[in-house]
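**Student:** from the sequence below, what's the structure:
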Amino acid sequence: MSNSASKAMTIAAAKSCRGRFHGSSPVLAIALAASLAGCAGWHRDSVTVGAIPDDYRTNHPIVIAEKNQKIDLPVGAGDRGMTVSQRDTLLGFLDGYDRSAAPALTIAAPVGSANQAAAQAASRDFARLAIAAGVKRDRIVMTSYQSVVPEASAPVRVAFVAVKAQTDKCGRWPEDLLQTSENRHYADFGCSYQNNLAAQMANPNDLLGPRKQSDIDAENRGKVIDLYRARGVSDEFLGNSEVTY
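**Tutor:** Predicted coordinates for the structure are as follows:
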């Protein structure tokens, strides 16, 4: 079909859409509505590409927020102070304690449990170990909590608040995976990746921006330059180097 013929058909269709239906018949009213709907189709795209945002970083954003870090250290009724296993476990837990921010470290011993006396003795040892590990003495809070089962041994709970990179929980499946008519990612897409990335952040502040550049080691740099000038490097490197001094 030529361009002139196509243009003529388009003009004819538009004129028919602008036409008026005379009469009061319901059939004519329905026909008029259908014809107007057809006119609208001439001026609207059936698919709008890129109108729907679809990014796993938007659906599962990593946020920087405070999160309660806690650990329960089991204490036997017959224990006399801190054990070697408890010591190693607590030191590993305190590796995540930010000594520059110095949040409060809470050590809660059970009350009314079968191991109450042993737990209180162990909690005092935990506090001394925390001080030796770099936690300030005035940031340690010794407290207690009521045991639910008096006949059982309850653990000593150690906790502090830390700034962590985190995202929402995974496992949301609100829709069928086969519903892909809009070509969008499913709701849980990218969630595991974002959670793993957040868990690997040793310093969550790195997500907020780059760190300040550290000072140069002028003495070490001078030694390297002197070594290069004295030809204290391999001949192969000197042959491939573009530096002539």
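**Student:** surely I71 is within a strand?
**Tutor:** Yes - I71: assigned to a strand according to DSSP: H, G, I helix; E, B strand; the rest coil.
**Student:** give the contact list for it.
**Tutor:** Contacts for I71 (Cβ atoms under 8 Å, 6 or more residues apart in numbering) come out as T89, L90, F93, R157, V158, A159. Every residue, glycine included, has its C-beta placed from N, CA and C.
**Student:** ranking by neighbours, what's the top pick from the residues you listed?
**Tutor:** V158 (23 neighbours; other Cβ atoms under 10 Å).
**Student:** wait, doesn't it sit right on L73?
**Tutor:** Yes - counting by Cβ atoms under 8 Å, V158 does reach L73; the two are 6.5 Å apart.
**Student:** which neighbours do the two have in common?
**Tutor:** Common contacts of V158 and L73, defined by Cβ under 8 Å, 6+ apart, comprise L90, F126.
**Student:** so which strand or helix has T106?
**Tutor:** For T106, the element it lies in under DSSP states H and E is strand 105-111.
**Student:** can you give me the distance of the residue nearest to Y193 when sequence neighbours are not counted to V63?
**Tutor:** Distances taken as Cβ to Cβ, 6 or more residues apart in numbering put Y56 closest to Y193, at 7.0 Å, once the chain neighbours are dropped. Distance, Y56 to V63, by Cβ to Cβ, to the nearest Å: 15 Å.
**Student:** ok, V111 next?
**Tutor:** V111 is 37 Å from V63, by Cβ to Cβ.
**Student:** just the closest of the contacts of I71 to E219, please.
**Tutor:** Using Cβ to Cβ, F93 comes nearest to E219 of the contacts of I71, at 39.1 Å.
**Student:** now that closest one, what's its secondary structure?
**Tutor:** Going by three-state DSSP: F93 is helix.
**Student:** got it, and A159?
**Tutor:** A159 ends up strand, using three-state DSSP.
**Student:** quick check: pLDDT value at the closest residue to it other than its chain neighbours.
**Tutor:** In space, and not counting its chain neighbours, A159 is closest to K70: 3.7 Å by Cβ to Cβ, 6+ apart. At K70, the pLDDT value in this model is 95.
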